[in-house]
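Asks: I would like the atomic coordinates for the input below:
(2 chains, ligands or ions: 2)
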Amino acid sequence: MTTALLTMKKISKVFETEELETHALKDISFTINKGDYVSISGPSGCGKSTLLSIMGLLDVSTTGEYFIEGVNVTDLTLDQAAEVRNAKIGFIFQSFNLIDELSVFDNVALPLRYSSEKPNSKKIKQRVTQCLEQVGLSHRIAHKPNQLSGGQQQRVAIARALVAEPAILLVDEPTGNLDSKSGDLVMDVLEKLNESGTTICMVTHDPRYADMAKTKIQLLDGTILQAPLVKIAS
Amino acid sequence: MSLFTYQLKQAYSGLKQKPGFVFSVVSTMGITLGALLCVLTLNYLLLLEPLPYPEQERIFVAQHHIIDAKKETQKVAFSYPGLVELYKSRVAFEQSAMLYYSQDVITSHRNQPLVNTTYVTPELHQILASPMALGRMFEASEALNTNSPVAMLSYVTWQQAYEGRADILHLKINIRGVSYQVIGVLAENFVEPELAEIGRETQVWLPWDFNVESAESRYNFGNIQNNFHFIGQLKKSVNQSQAQQLITPLVSELWQEKFVAKFDFFQGWSVDMRVRSVKNIMLGESKSFAVMLLAGIVGLVLIACANIANLFMSRTAEKHRQMSIQAAIGATKKQLFSAMLAETSLLMLMAIIFALVIAKTGFYLMQQYLGALLPRVNELSLNLITFGSALLITAILALFFAKLTTNMINYRGLNTTLQSSGKGSGLQVSKKTRQILIASQVALATLLVFANISLLKNAMRTINAPIGFSTNNISTLVLNLSSTQAYSQEDAIPTMAEIMTKLEALPQVESVAQGNSPLGGFGIKALTKSTGNKKYTPYFKRVDQRYFNMIEQPLLQGENFTIIDRRDNNNKMIVNQAFAQQLKADGAVIGMLLPSIGEPDFKIVGIVKDITIPGDTAFGSDDTAASVPRVYAPSGLSGRSFMLKFKPGQSVSRQQLAALLAKIDSRYSVFSFNKISDNLNQRLFTEITTAIATAMLALITFLLAGIGLYGILSYSTQMRRLELGTRMAVGAKRHDLTLMIIKDNVNPIVLGVLLSLITLVSGYFFFIDALSFYITSQLIPMFAVTIFLISSLSLLVCYLPLRKIINLPAINSLRGTE
Ligand SMILES: Nc1ncnc2c1ncn2[C@@H]1O[C@H](COP(=O)(O)OP(=O)(O)OP(=O)(O)O)[C@@H](O)[C@H]1O
Ligand SMILES: [Mg+2]
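Replies: Ligands and ions are numbered 1, 2, ... in the order given. Okay, the predicted model is just below:
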């Protein structure tokens, strides 16, 4: 059962500043299938985060085409991209990016509030509790993020990424700001999620965590160095 | 102290690197504080500074209130003999003077200038102890009934009309055929009491005896005019209300006996004397105007302060790290405060220096343009009060801003700032502070904008009111007769006819009418209805047969006057609609007879459309919106006023007219020659000035509030960039975020509007008397307009800083948020 979830065709990204052009990505092509666990690694500045943000429609590529579930999403408007992000993509950031003023519950519920399906509050409550249980934090539901440890905050962030039942989780250095014990806990959660069917694409420096992935992408200077297990899209 | 000097130097070099910040603070505070210093000085001058006269608190003006049978004041004006009797009586006043304001042409001067003249008894300048530049003031030799032809000139007249010539005291000047010896010139610093009209300055002072009233009218108690005035120094033993009680019966009884008793029409009318301090008279409405101006400017300054407070707080947030380092190496809280104070002092000092320049400019502008609106503006200058308040304001604001910003700093937290990586650990202006700033800005702006647009609306209503007649290409020409010889009206008729013919023959002239401009020449006529004995007091004017045609005032019914009506002095009358409706509900009044006092009944022959003269109200009423009843009768043939309608784009000069007159009869010269439209604009001067000033103030308030709110909101939006990026990452669309920012700020905005509403309502209850003139139901839509404007502004400034975030891919907000 190998359904293509994301497909990138010759994606390039050039950052233009006044003085110089940076070719952050050069002709990147690959496919991620449903249920995959992909890791992206490479030296600092090689374009990992840039690739992830294009995959997550947070940014647009300079050239190339990008498909999600077979639909071309290369030239979406900002609002269309937001809709796709909401429905299909869950983000987990290195620095958690929780909103300080909101409780754990409200942080997790956030994607549902922007959903075009407009779930009612009962449904939201049910779903949020379920996700928090999955990450083992249902007892912290009313806390504010700054009352939690770093590892707990990252697990809240995972719950938030899961809440809208996305097609894929995009994870950028989830353990970068955590000690190894909390990091391991977070990775456990991710692994379990993958086992239960969630597609994951994760940027990491840590070879230990990269090895947990089924598919490994190595980036160097904006190109895919070695992708033995990745089907290169024709 | 040496530490503070060091810190001043530090602050100076720190500020040099932030020219934008310095510019914003110095310009915003400089301009608003400049305006504040300007109106503070004005208010001090008007409210507190005594008039420059000895024992000015004993100088009072007596006013002659004519009260009708319904006990309502119909007019405030003396009758000529009533004034003279009061003056002669010496009751209550130790010394008193009569004044008669007029305008005359100096015929001996090569330019034949029209000047403001005041005919006065000698006590006036003695009471005021008027300083002289040259010669002497009027003395006993110029007292009542001495007929001594001498004149005093104002300093400006001496300088301008006579080029300051040294032999001025050897000069004689000719006015109305009388040759007056110049005996004195008033000093430059003489301040004339402005009793009748703000900004009117007497150019030539002449003895009372020479005023233009005819011998007959000097004994007529019905000769009631508002250019007769009485001023005096109260006896030491008499106070204001005693004075009123002493003089009222004296004047009233005389008027009853000599006037009321003779005419049925005035049955039940009386006179009430009011005694008011000269200061009170001079300041009049200006006091509340000045206080309102002060309130407006204080509001502006507060808005500016809120803006600057926000700038300072943002800057502190920016400097937090630098301060942490200072704290780490041992700077105490007090030292941090004094470093901050050094910076705020420096900035406020620069602002206040700029403000003094602005204030000085403001004085100049007020003297140039508001001399006719505000009394005493010529006395305005940068004085001790200005400098004192400037110093005080500088100190208070420097301390306030320094305190405000140091209070933001969590001194204990400074060390943790250092320990953390610096990412996301920046100090933030707290949400509460931000909301207070927003609410206060909105409240102040709503109040100020509301007040200004209400005043603007009022002024515009008067300016734009259709006048109901044409002023196009029409000028008025009034002739001056310089002859002392008795000169009957009959003699003038052929001369006037000749002048008319010659004027009509001028190629530039389209038509000529004999009579006054529609803006002037109205008196009051006491009329009764032949049936029912009801009394009326419409405005009354004599016009020729061409008048209505020339000014395009439509005759709705009946017929116009003819030259024969004028020649034969027929008592025909044309009434306007307003008066026709007063007489008879259906307005069908043609043919009606109206008995008048001491002459044959008037017969109504026509009805004309109403006209609106700006500022005119019906006799005994101050409702400016109601139409004014007016009646017209045929004028005689000897009048010395003309209206000239020129062909489009053409005109003649005063000199051309003077030459034409000289050829016909050298006794006549040009008294005045003005475009009616200019006169109309002069009448609207207050409204036009108010309109310009309030529109500008509203605009400045709006801009200032806009800039301030933008500053606060763009700062807080900037602080929320990462949060906004995160929300975008999880699927928030642009309108979701716009709505969210608006929702977050709607509370302080609504609170601000409510605060302004509460202030307005309580202001209404506390100052109901002072404000009643301004309060109408019109204000509700005005308030709605204001709220609409301020809310739109607030929404716009919510959106503007957000725009840069939500219209770019989310990654821009997620990255680089320091
Ligand atoms: N907004 C931008 N403007 C200009 N250049 C950029 C921008 N964002 C990224 N880059 C450049 O693109 C390249 C790739 O950056 P990216 O952040 O994707 O690297 P990374 O692989 O995630 O590095 P790290 O492991 O350090 O996070 C870098 O050379 C970076 O300097
Ligand atoms: Mg990265």
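Asks: Return the per-residue confidence for A:Leu225.
Replies: Among the per-residue scores, A:Leu225 holds a pLDDT of 81.
Asks: One more: B:Ile768?
Replies: You'll see B:Ile768 listed with a pLDDT of 66.
Asks: Check B:Pro466 too.
Replies: With respect to pLDDT, B:Pro466 scores 87.
Asks: ditto for B:Ala486
Replies: You'll see B:Ala486 listed with a pLDDT of 55.
Asks: which helix is the longest one in chain A?
Replies: Ranked by residue count under DSSP state H, the longest helix found in chain A is helix A:180-195.
Asks: What pairs with the next helix or strand after that one, parallel or antiparallel?
Replies: Secondary structure here is assigned by DSSP states H and E; on that basis, the next helix or strand after helix A:180-195 toward the C-terminus is strand A:199-203. Note on strand A:199-203: by DSSP bridges, its sheet partners are strand A:37-41 (parallel), strand A:168-172 (parallel).
Asks: So which bits of the worst-scoring helix or strand of chain A on mean pLDDT are buried?
Replies: Taking mean pLDDT, DSSP states H and E as the measure, the helix or strand of chain A with the lowest value is strand A:223-226, at a mean of 82. Buried positions in strand A:223-226, judged by neighbour count with 16 or more other Cβ atoms under 10 Å in any protein chain shown: A:Thr223, A:Ile224. Yep, even glycine has a C-beta here, placed from its N, CA and C like the rest.
Asks: where does chain A come near chain B, residue by residue?
Replies: Taking Cβ under 8 Å from any Cβ of the partner chain, the part of chain A that reaches chain B is made up of A:53, A:56, A:58-60, A:78-79, A:81-83, A:85-87, A:91, A:93, A:95, A:97-99, A:110-111, A:114-115, A:160, A:164.
Asks: out of those, which are buried?
Replies: In these, burial by neighbour count holds for A:53, A:56, A:58-60, A:78, A:81-83, A:85-87, A:91, A:93, A:95, A:97-99, A:110-111, A:114-115, A:160, A:164, counting by 16+ other Cβ under 10 Å.
Asks: about what we covered before: and the strands paired with strand A:199-203 as TSV, adding distance to B:Ala295, mean neighbour count and mean pLDDT?
Replies: Converted to TSV, the strands paired with strand A:199-203 look like this (distance: least, Cβ to Cβ, whole Å; neighbours: other Cβ atoms under 10 Å in any protein chain shown; pLDDT from 0 to 100):
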stretch	distance to B:Ala295	mean neighbour count	mean pLDDT
strand A:37-41	65	23	93
strand A:168-172	57	25	93
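Asks: Return the set of residues that bridge with the spatially most central residue of chain A.
Replies: Note on chain A: the residue nearest the mean C-alpha position is A:Leu170, at 1.1 Å, using Cα atoms, centre = their mean. Here A:Leu170 sits in beta bridges with A:Phe91, A:Cys201, as judged by DSSP bridges.
Asks: which one of the strands paired with strand A:199-203 lies closest to ligand 1?
Replies: The closest approach between ligand 1 and any of those, judged by Cβ to the nearest ligand atom, belongs to strand A:168-172 at 7.5 Å.
Asks: hang on, the earlier thing: would you give the sheet partners of the least confident helix or strand of chain A, along with the direction of each?
Replies: Partners of strand A:223-226 in the sheet, by DSSP bridges, are strand A:215-220 (antiparallel).
Asks: And ligand 1, is the strand it pairs with touching that?
Replies: No: contact between strand A:215-220 and ligand 1 is absent, the nearest approach being 6.8 Å (criterion: Cβ under 6 Å from any ligand atom).
Asks: Can you give me the buried ones in that strand?
Replies: Neighbour counts using 16+ other Cβ under 10 Å place A:Thr215, A:Lys216, A:Ile217, A:Gln218, A:Leu219 of strand A:215-220 among the buried residues.
Asks: doesn't B:Val61 fall inside a strand?
Replies: Yes: B:Val61 forms part of a strand when assessed by DSSP: H, G, I helix; E, B strand; the rest coil.
Asks: could you pull out the helices for chain A?
Replies: In chain A, helices defined by DSSP H lie at A:48-55, A:78-88, A:104-113, A:121-134, A:150-162, A:180-195, A:207-212, listed in chain order.
Asks: now the ones you listed in TSV, with mean pLDDT?
Replies: Shown next, in TSV, are the helices of chain A (pLDDT from 0 to 100):
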stretch	mean pLDDT
helix A:48-55	94
helix A:78-88	94
helix A:104-113	94
helix A:121-134	94
helix A:150-162	92
helix A:180-195	89
helix A:207-212	87
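Asks: Looking at those, which is nearest to B:Ser641?
Replies: helix A:78-88 (74.9 Å; Cβ to Cβ).
Asks: who touches that closest one?
Replies: Helix A:78-88 has contacts (Cβ atoms under 8 Å, 6 or more residues apart in numbering or on different chains) with A:56-58, A:68-69, A:73, A:76, A:91, A:111, A:114-116, A:164, A:166-168, B:728-735, B:806-807, B:809-810.
Asks: which residues does the residue lying closest to B:Asn189 once chain neighbours are set aside contact?
Replies: Excluding the flanking residues, the one nearest B:Asn189 by Cβ to Cβ, 6 or more residues apart in numbering or on different chains is B:Pro131, at 6.2 Å. In this structure, B:Pro131 makes contact with B:Leu186, B:Ala187, B:Asn189, B:Phe190, judged by Cβ under 8 Å, 6+ apart.
Asks: B:Ala451 versus B:Thr406, what's the distance?
Replies: Look at B:Thr406 and B:Ala451: by Cβ to Cβ, to the nearest Å, they are 35 Å apart.
Asks: what does B:Thr562 give?
Replies: As defined by Cβ to Cβ, B:Thr562 lies at a distance of 54 Å from B:Ala451.
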